[in-house]
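Peer 1: With the input below, show me the fold.
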Amino acid sequence: MQHLIEMSGIKKSFAGVVALQNASLHIAPGEVHAIIGQNGAGKSTLIKILTGVYRKDAGEVMIAGIPSTISTPREAQDAGIATIYQELSLVPLRSVTENVMMGYEPRTRLGMIDWKTAHKRTREILERFGIDIDVKAQLGSYSTAIQQLVAIARAVSLNAQLVIMDEATSSLDDQEIEILFGVVRELKKAGVAVLYISHFLDELYQICDRVTIMRDGQTVGQHVIAETTKLGLISEMLGRDAAEIEAAGMTALGGGEATEPGSALFEASHISTARGLRDVSVTVRKGEIVGLGGLLGSGRTETARALFGLDTLKSGQIDNLGKGQISTPAEAIAAGIGFLTEDRKREGIVPHMSVRENMTLALLPKLTKLGKLDRKRESELVEKFIKALGIKTSGMEQPIRELSGGNQQKVLLARWLALEPEVLILDEPTRGVDVGAKFEIQSIIRSYVDNGLGVLLISSEFEELVEGADRIVVLRDGRSIKELENPGITEESLIAAIAHHHDEESAA
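Peer 2: Here you go, the predicted structure:
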């Protein structure tokens with residue numbers, strides 16, 4: 001079988017640092033092919049070589065059996081390769097037609113844009129995928145899912161033979177994901193190959209034919225997806241024995257030995273806020289992970305904000321062991337509470353600042369004496385956490401924006417761990433990171449919990465809560481409605497608690 005794409009022996013270095021070493025990728029016409037690996041494994045570099053963003057140092061690239069010398073993204077487009085990035089490169093204030101036809105608009109004999117033909121072609125392309133929208137309307141007036149489909153329509157309009165989808169479902173809901181998968185299946189029927197990049201392994205089994213695994217800049221495996229297991233894929237990605245990963249229960253939060261939790265670190269009783277909390281009670285003890293379970297809008301993040309002093313209490317109280325009431329984040333930090341926000345980009349990192357500056361932001365008051373920063377102590381601390389947390393960086397002065405998502409998250413985790421907190425509130429700590437980084441972050445959290453740290457864990461992944469939390473406080477409509485204890489919690493019992501709560505007090 002002749003492959004549409006053949007990349008063999010690819011090598012690439014940046015300033016002497018090896019990014020790819022003997023990497024390969026083979027994609028057949030009309031197949032949906034996944035590429036997976038930890039952040040930093042080389043996936044993005046390999047794809048950027050294929051799409052003309054980078055030039056390879058060595059190796060061979062062939063497209064439809066012909067050696068390729070693609071050196072620009074435009075040349076890649078002309079060769080039939082279209083890329084749909086996680087951050088969509090569309091123009092929201094322009095119409096759907098303008099976005100689909102941009103740069104390739106049909107022209108009249110006088111050289112003017114033939115809008116009648118452009119609208120007609122756009123409708124025809126969208127109708128192939130069952131999409132009926134006003135192509136003259138601004139693209140920004142439609143949902144993210146529709147915008148994703150418009151990006152695919154643009155690729156089809158360019159007669160793409162390979163469509164590369166980078167984390168295409170990261171901002172879509174379940175219904176929108178099904179629509180996208182339908183479009184992928186239509187592309188496959190039409191003989192168009194799809195290279196699918198996703199952190200969500202379950203999606204690969206729904207939509208992909210084969211998978212390529214990368215680790216440390218090399219291709220370490222290629223399999224028919226139906227002939228391998230999720231555990232097998234994770235094992236190859238991490239370079240760890242499958243039995244070791246299985247023993248950790250697929251989530252390293254549950255990998256520690258069971259221990260009795262210590263004394264209470266804080267107790268929130270019947271708290272309510274103007275942001276939607278109505279009646280929430282939760283206790284966190286030393287050496288335990290308490291999960292907050294619930295659907296979107298149940299009050300999970302609002303609870304975290306209230307406990308950290310970001311939102312003022314309307315009623316109820318928080319007992320933090322005699323350290324005074326918490327009404328501001330500064331008071332929360334002084335009381336030994338840290339808060340890792342769910343929005344890493346907007347509320348976590350400062351992108352133009354270095355790894356060092358981002359890591360020590362919350363620690364500056366302790367590193368400063370008489371207005372002067374103790375640089376030596378700061379550097380020692382940063383080096384300690386870079387090593388302890390396995391942060392992959394060229395050095396502490398590297399801008400944090402240049403790090404992978406998983407490594408950015410580790411820097412933010414280090415920011416709070418450096419304060420030696422008693423309680424750490426983690427809001428979606430593994431969202432948007434690959435399986436390898438997720439396992440490492442969970443392992444770090446568990447090691448600190450085993451040494452007495454109390455953790456309040458918020459996660460949309462029920463598996464992460466069920467396998468990682470010692471107790472789960474279930475929230476619905478801004479209220480805590482039930483508490484579940486491990487061992488014994490299953491995803492089914494958590495879902496049942498969320499969906500079918502009976503007020504025991506009124507039944508008494």
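
Peer 1: And the contacts of the helix or strand that G291 is a member of?
Peer 2: Per DSSP states H and E, G291 falls inside strand 289-293. Here strand 289-293 makes contact (Cβ atoms under 8 Å, 6 or more residues apart in numbering) with 253, 282-284, 300, 303-304, 445-446, 449, 454-459, 462, 465, 468-475, 484, 494, 497-498. (Glycine included, C-beta is placed from N, CA and C.)

Peer 1: Now intersect these with the strands, please.
Peer 2: 282-284, 454-458, 471-475, 484 (DSSP state E).

Peer 1: Reformat these as a markdown table; add distance to R154.
Peer 2: Listed next are the ones in strands among the contacts of strand 289-293 as a markdown table, based on distance: Cβ to Cβ, whole Å:
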| residue | distance to R154 |
| --- | --- |
| V282 | 47 |
| T283 | 53 |
| V284 | 49 |
| G454 | 50 |
| V455 | 44 |
| L456 | 44 |
| L457 | 40 |
| I458 | 37 |
| R471 | 49 |
| I472 | 44 |
| V473 | 46 |
| V474 | 44 |
| L475 | 41 |
| L484 | 47 |
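
Peer 1: got TSV for these, with neighbour count, distance to I225 and pLDDT too?
Peer 2: Shown next, in TSV, are the ones in strands among the contacts of strand 289-293 (neighbours: other Cβ atoms under 10 Å; distance: Cβ to Cβ, whole Å; pLDDT from 0 to 100):
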residue	neighbour count	distance to I225	pLDDT
V282	20	41	95
T283	19	44	93
V284	26	41	93
G454	27	40	93
V455	26	35	94
L456	29	37	95
L457	28	31	94
I458	23	31	92
R471	18	36	93
I472	26	32	95
V473	24	37	95
V474	23	35	93
L475	25	36	92
L484	20	34	92
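
Peer 1: which one of those residues is nearest V32?
Peer 2: Using Cβ to Cβ, I458 comes nearest to V32 of the ones in strands among the contacts of strand 289-293, at 33.0 Å.

Peer 1: Output the lowest mean pLDDT helix or strand found in the chain.
Peer 2: Sorting the helices and strands of the chain by mean pLDDT, DSSP states H and E puts helix 504-507 at the bottom, at a mean of 39.

Peer 1: circling back to that earlier point, looking at the ones in strands among the contacts of strand 289-293, which is nearest P429?
Peer 2: Nearest to P429 among those: L457, at 7.4 Å, using Cβ to Cβ.

Peer 1: give the contact list for the closest one.
Peer 2: L457 touches L253, I289, V290, G291, L292, L426, P429, E464, L465, G468, A469, counting by Cβ under 8 Å, 6+ apart.

Peer 1: now do 7 Å
Peer 2: With contacts defined as Cβ atoms under 7 Å, 6 or more residues apart in numbering, L457 is in contact with I289, V290, G291, L292, L426, L465, G468, A469.

Peer 1: try I225
Peer 2: Taking Cβ under 7 Å, 6+ apart, we find I225 in contact with A34, L204, Y205, C208, D209, R210, V211.
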